[in-house]
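Visitor: The following comprises the amino acid sequence and a computationally predicted model.
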Amino acid sequence: MSGGYHTWSKFNAHRWSNLNARRQPGTGKTEFIAAFVHFLVEKLNVRRILLVSQSHEAVNTAAERIRKHCGRLGTPLEVVRFSNREGAVSHGLKDVYSHAITAEKRELFNAEYRYRVEALSDALGLDAEFISKVVDAELKLFKQIDHLEFLLKSFENVDDEGDIKALKPIAVELDEGIRTKLHTDYGITLSKESSVSEAKSILLSNICSEYGVRPNEAKRVRALARISRDIQDALSAERVNIDEFYARSRQLVTGTCVGIGQGHIGIHDNIYDFVIIDEAARSIASELAIAMQSAKRVLLVGDHLQLPPLYSDAHKSALARRLGINDKHTELDEVLRSDFARAFNSGYGKQASATLLTQYRMAPPIGNLVSHTFYDGKLNNGNRAIPDIYAGAPSPLRSTVTWLDTSSLGEHANHQSDRGVSIYNRCEAEQVIDLLKQISESGQFLNDLSDLNDKDDALIGVICMYAEQKRLIRQKFNQGIWSDGFKALVKIDTVDSYQGKENRIIILSLTRSDKQKSPGFLRTPNRINVAMSRAMDRLLVIGNAEMWKTHNKDKPLGQVVSYMNDMGEGAGYKFMSAKKTR
């Protein structure tokens with residue numbers, strides 16, 4: 001589908017059954033998902049939709065956009081967001097977080113239970129105030145008495161003297177509290193010899209006498225009181241068994257692929273009219289199956305040319321041994337290919353799939369480079385204004401795409417591998433920090449760049465192809481002295497955590513550089529694609545260009561070098577030789 005999310009309307013509803021939607025970087029896939037959910041709810045009257053993704057961030061982004069889209073168009077939508085961790089739920093979804101909904105219901109019940117039970121006075125044929133007093137006693141006193149009785153009974157089954165010694169002060173304190181409450185609130189004084197259990201019948205008898213109610217008439221009120229208590233207990237439990245109710249009753253149910261499968265949510269017992277799986281190309285088969293088992297129809301959204309499913313090295317080695325294949329070559333890559341990729345490229349996928357082919361994130365030279373290298377030139381550029389501030393930027397950022405070539409620094413440009421499995425590159429780390437210092441001290445350019453930040457997000461992203469390089473650059477960055485507020489403008493992370501994100505400026509540290517010119521995992525296109533397609537205005541690649549000019553010219557980075565050379569500075573591509581840092 002070209003031209004953004006509006007084009008889904010040309011497909012009829014049947015066509016969307018079990019559809020794969022492939023989306024390229026910056027093509028508005030989240031807006032498409034939002035528009036599609038609105039279409040399902042508003043036009044097709046779909047009432048049960050499950051939205052999942054591999055990451056919390058993707059779930060949050062899609063769910064927030066759906067709510068915003070439906071709100072803007074006046075379509076009411078009941079949403080629930082499931083997660084074991086409140087911290088994983090974005091600010092914009094806190095009000096629909098399952099635990100928050102339960103807490104709100106609990107507070108509402110505690111605030112209104114008296115009025116609710118009093119409203120039943122006509123049906124029961126009893127005084128409203130009498131009903132209220134009985135329920136009040138059940139919730140505030142009888143509940144404590146039952147708890148004390150349970151505690152005392154548990155002593156019979158405890159053999160450990162230490163446990164008994166620890167429980168006794170709790171029981172004594174609870175007993176004293178109940179006696180005080182009986183005396184203060186109800187004017188009942190129990191002798192020391194009397195058990196607090198006797199207080200139930202004494203208090204009920206007193207209330208019945210006060211309102212002229214016979215004991216047998218009070219039975220129905222006691223039953224109502226116990227129901228009220230059950231509701232209060234259910235709403236106060238640590239793991240409330242109300243999540244299953246939300247999963248069945250809300251129009252849009254959201255969570256991660258794995259998290260949504262927790263037993264207390266009960267997804268496996270539900271059937272949803274539509275299951276939408278975002279970032280589906282990153283999910284392994286079992287993750288996809290959790291949500292898909294509950295679907296009448298499925299929409300998979302993803303890009304199998306970006307990050308693949310993540311398997312540990314141990315998992316890959318074990319799989320290779322089991323299948324009798326080499327775990328270092330393409331045979332294993334094929335086995336580990338995502339189910340999304342298999343489905344998209346299948347005969348059925350070719351009939352039922354659609355592709356978004358216009359990107360709105362990247363400046364045209366960046367978009368053209370990504371399109372040529374990873375999408376056979378099929379990815380088009382949409383209209384997006386690039387701010388006119390980069391003439392005053394440090395020289396490596398004046399061209400839209402720049403390759404800062406470290407090959408002129410000789411062996412100093414090579415990576416090191418003495419910290420464990422991951423490699424790192426001190427030379428590239430120094431180049432990154434030096435450029436960040438130039439930006440920090442750039443005066444007007446930094447002011448102009450900061451003015452573009454309307455969401456308190458990072459404006460400069462440093463993407464590292466290896467985890468150890470990220471740690472090294474973060475360490476150097478944290479040790480540096482920076483102008484006020486500059487640190488908040490910079491994000492340093494690995495490529496594996498960057499899919500779906502974007503920054504005005506991307507600085508990419510390739511890290512790998514050695515005499516043998518071995519490409520390592522940089523031979524595969526997926527991660528390179530993600531790293532280069534995060535930039536909005538400027539893309540700066542730092543690495544040894546000689547690595548990719550001859551030995552590896554057929555690899556993705558070899559194609560990048562070749563394309564930049566062919567297009568030249570006039571088209572926005574520039575090579576610069578790295579200099580020794582200060």
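Guide: It's in.

Visitor: which residues are contacting stretch 478-487?
Guide: Applying Cβ atoms under 8 Å, 6 or more residues apart in numbering, the set of residues contacting stretch 478-487 from outside is 433, 436, 437, 439, 440, 441, 446, 450, 477. Quick note: C-beta positions are derived from backbone N, CA and C, even for glycine.

Visitor: mind running it again at 10 Å?
Guide: 433, 436-437, 439-443, 446, 450, 453, 458, 460, 477, 488-490, 492 (Cβ atoms under 10 Å, 6 or more residues apart in numbering).

Visitor: Select from those residues every entry located in strands.
Guide: If you go by DSSP state E, these have 460, 490, 492 in strands.

Visitor: Kindly indicate the member of the residues you listed with the most neighbours.
Guide: Within the ones in strands among the contacts of stretch 478-487, neighbour counts (other Cβ atoms under 10 Å) peak at residue 492, which reaches 24 neighbours.

Visitor: check contacts around residue 427.
Guide: If you count contacts by Cβ under 10 Å, 6+ apart, then residue 427 has 406, 409-416, 509, 511, 513, 542-544, 578, 580-581 around it.

Visitor: And residue 138, by the same measure?
Guide: By Cβ under 10 Å, 6+ apart, residue 138 lies in contact with 146, 200, 204, 221, 222, 224, 225, 226, 227, 228, 229, 232.

Visitor: Could you work out the most separated pair of these?
Guide: Among the contacts of residue 138, the pair separated by the greatest distance (Cβ to Cβ) is 204 and 232, at 19.2 Å.

Visitor: Looking at these two, which one has more neighbours?
Guide: residue 204 (20 against 17).

Visitor: Helix, strand, or coil at the more buried one?
Guide: Put simply, residue 204 is helix when judged by DSSP: H, G, I helix; E, B strand; the rest coil.

Visitor: Could I get the contacting residues of it?
Guide: 133, 134, 137, 138, 142, 213, 215, 218, 221, 222.

Visitor: The same query, at a cut-off of 6 Å, please.
Guide: Neighbouring residues of residue 204 by Cβ atoms under 6 Å, 6 or more residues apart in numbering: there are none.

Visitor: which strand in this protein runs the most residues?
Guide: Per DSSP E, the chain has its longest strand at strand 535-543.

Visitor: How far does that one sit from its chain's centre?
Guide: In terms of Cα atoms, centre = their mean, to the nearest Å, the centre of strand 535-543 is set 26 Å apart from its chain centre.

Visitor: Likewise for stretch 376-391?
Guide: Stretch 376-391 sits 28 Å away from the centroid of its parent chain (Cα atoms, centre = their mean).

Visitor: And stretch 295-315, by the same measure?
Guide: 15 Å.

Visitor: end-to-end on it?
Guide: Stretch 295-315 has its terminal residues 29 Å apart, counting by Cα to Cα, to the nearest Å.

Visitor: Over to stretch 245-261?
Guide: With Cα to Cα as the measure, the ends of stretch 245-261 fall 15 Å from one another.

Visitor: for stretch 519-528, same thing?
Guide: End-to-end span of stretch 519-528 (Cα to Cα): 12 Å.

Visitor: Could you give the average pLDDT over that stretch?
Guide: Stretch 519-528 carries an average pLDDT of 91.

Visitor: what sits up against it?
Guide: The contact list for stretch 519-528 (Cβ under 6 Å, 6+ apart) reads 306, 307, 308, 374, 495, 512, 552, 555, 556.

Visitor: Buried ones among the contacts of residue 427?
Guide: 406, 409, 413, 414, 415, 509, 511, 513, 542, 543, 544, 578 (16 or more other Cβ atoms under 10 Å).

Visitor: Among those, which lie within strands?
Guide: 509, 542, 543.

Visitor: export the residues you listed to JSON lines and tack on pLDDT?
Guide: Rendered in JSON lines, the data for these read as follows (pLDDT from 0 to 100):
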{"residue": "509", "pLDDT": "98"}
{"residue": "542", "pLDDT": "98"}
{"residue": "543", "pLDDT": "97"}
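
Visitor: Would you mind putting those into a markdown table with distance to residue 247 alongside?
Guide: Compiled in a markdown table, these are given as follows (distance: Cβ to Cβ, whole Å):
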| residue | distance to residue 247 |
| --- | --- |
| 509 | 43 |
| 542 | 47 |
| 543 | 48 |
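
Visitor: Closest one to residue 389 out of those residues, please.
Guide: Among those, residue 542 lies closest to residue 389 (Cβ to Cβ), at 21.8 Å.

Visitor: give the contact list for that closest one.
Guide: Applying Cβ under 6 Å, 6+ apart to residue 542 gives the contacts 404, 428, 431, 509.

Visitor: So the first one sits against residue 576, correct?
Guide: In other words, residue 404. Yes: using Cβ atoms under 6 Å, residue 404 makes contact with residue 576 at a distance of 5.3 Å.

Visitor: just for the stretch 51-200 of the chain, where's the confidence low?
Guide: 109-110, 112-113, 115-116, 158-159 (pLDDT under 70).

Visitor: Oh, that last question was meant for the stretch 251-400 of the chain, not what I typed.
Guide: Counting by pLDDT under 70, the ranges of the stretch 251-400 of the chain that qualify are 327-330.

Visitor: Apply 90 and report the result again.
Guide: The stretch 251-400 of the chain contains residues with pLDDT under 90 at 263-264, 268-269, 285, 307-338, 345, 349-350, 352, 384-385.

Visitor: Narrow the contacts of residue 138 to just the buried residues.
Guide: 200, 204, 221, 222, 224, 225, 228, 229, 232.

Visitor: Just to check, the third one is in contact with residue 134?
Guide: Yes: under the criterion of Cβ under 6 Å, residue 221 is in contact with residue 134, at a separation of 4.7 Å.

Visitor: sorry, back to before: sort out for me which of the contacts of residue 138 are in strands.
Guide: The strands, defined by DSSP E, take in nothing from these.

Visitor: Which of the residues you listed fall in helices?
Guide: 146, 200, 204, 221, 222, 224, 225, 226, 227, 228, 229, 232 (DSSP state H).

Visitor: can you pull out the helices in the stretch 201-350 of the chain?
Guide: Assigned by DSSP state H, counting those that start in this stretch, the stretch 201-350 of the chain shows helices spanning 218-236, 243-249, 285-292, 313-323, 330-335, 339-345, 347-352.

Visitor: Columns distance to residue 481 on top of those helices, output as a markdown table?
Guide: As requested, these are arranged in a markdown table below (distance: least, Cβ to Cβ, whole Å):
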| stretch | distance to residue 481 |
| --- | --- |
| helix 218-236 | 51 |
| helix 243-249 | 49 |
| helix 285-292 | 44 |
| helix 313-323 | 39 |
| helix 330-335 | 45 |
| helix 339-345 | 46 |
| helix 347-352 | 54 |
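
Visitor: need the contact list for the residue nearest to residue 578 when sequence neighbours are not counted.
Guide: Nearest residue to residue 578, sequence neighbours excluded (Cβ to Cβ, 6 or more residues apart in numbering): residue 406, at 4.5 Å. Going by Cβ under 6 Å, 6+ apart, residue 406 touches 413, 427, 544, 578.

Visitor: thought residue 79 was touching residue 96?
Guide: Yes: using Cβ under 6 Å, residue 79 is in contact with residue 96, at 4.5 Å.

Visitor: Any regions of the stretch 451-582 of the chain where pLDDT drops low?
Guide: Within the stretch 451-582 of the chain, the stretches with pLDDT under 90 are 453-457, 483-485, 496-501, 520-521, 524, 550-551, 580-582.
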